[in-house]
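Student: this one's sequence-less:
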């Protein structure tokens, strides 16, 4: 079988395990913010969509902290801080590790990251990303909201 066909099949298969994308906040630099207005269904999970370079142990990922401010009906209803240290699972397009210096693009499920008060329905989310000390190059620090 052609290696490109295998790559496409694997990408489609792995994409399915993350659930359907319901919202995306595009963030490309540390300290940058993005605002997204969406309707979040109950049970939405939060995934960090990362691409860059970092230093760390064999099983490490880019260290990124996210602050998510929630607004409902034009009023601030709460905020939460999440980071990639609470990664439950990862889907990586590519990743290399040479002597502890990693380069890769991964989507990381932030297992303990939950919006305040079980927020669902129409919301506006202001998301700010900040890289940790282990990150040497950040190309993508976006956040995805998915539902099974």
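Tutor: Cool, the structure landed. Quick caveat: nothing in here was measured; it's all calculated off a predicted structure.

Student: Output the below-cut-off pLDDT ranges for this structure.
Tutor: For the chain, applying pLDDT under 70 flags the ranges 1-16, 118.

Student: And the helices in it?
Tutor: Chain-ordered helices for the chain, with DSSP state H as the definition, fall at 3-16.

Student: Now do the residue sitting nearest the centre point of it against residue 107, distance only.
Tutor: With distances taken as CA atoms, centre = their mean, residue 48 lies nearest the centre of the chain, 0.9 Å away. Distance of residue 48 to residue 107, given as CB to CB, to the nearest Å: 7 Å. (Each C-beta comes from the backbone N, C-alpha and C, glycine too.)

Student: now do residue 58
Tutor: Using CB to CB, residue 58 is found at 19 Å from residue 107.

Student: Between the two, which is the more surrounded one?
Tutor: Neighbour count, other CB atoms under 10 Å: between residue 58 and residue 107, residue 107 has more, with 22 against 7.

Student: Enumerate every residue touching the more buried one.
Tutor: 18, 47-50, 90-92, 144 (CB atoms under 8 Å, 6 or more residues apart in numbering).

Student: buried subset of those?
Tutor: 18, 47-50, 90-91, 144 (16 or more other CB atoms under 10 Å).

Student: now for those, which pair is the farthest apart?
Tutor: Farthest pair in these (CB to CB) is 18 and 50. Separation: 13.7 Å.

Student: quick one on the thing from earlier: now the common contact residues for residue 48 and residue 107.
Tutor: residue 144.

Student: if we can go back for a sec, need the buried ones among the contacts of residue 107 in TSV (columns: distance to residue 127).
Tutor: Converted to TSV, these look like this (distance: CB to CB, whole Å):
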residue	distance to residue 127
18	18
47	12
48	10
49	11
50	14
90	20
91	20
144	11
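
Student: Can you tell me which of the residues you listed is nearest residue 133?
Tutor: Set against residue 133, the nearest of the buried ones among the contacts of residue 107 by CB to CB is residue 50 (15.3 Å).
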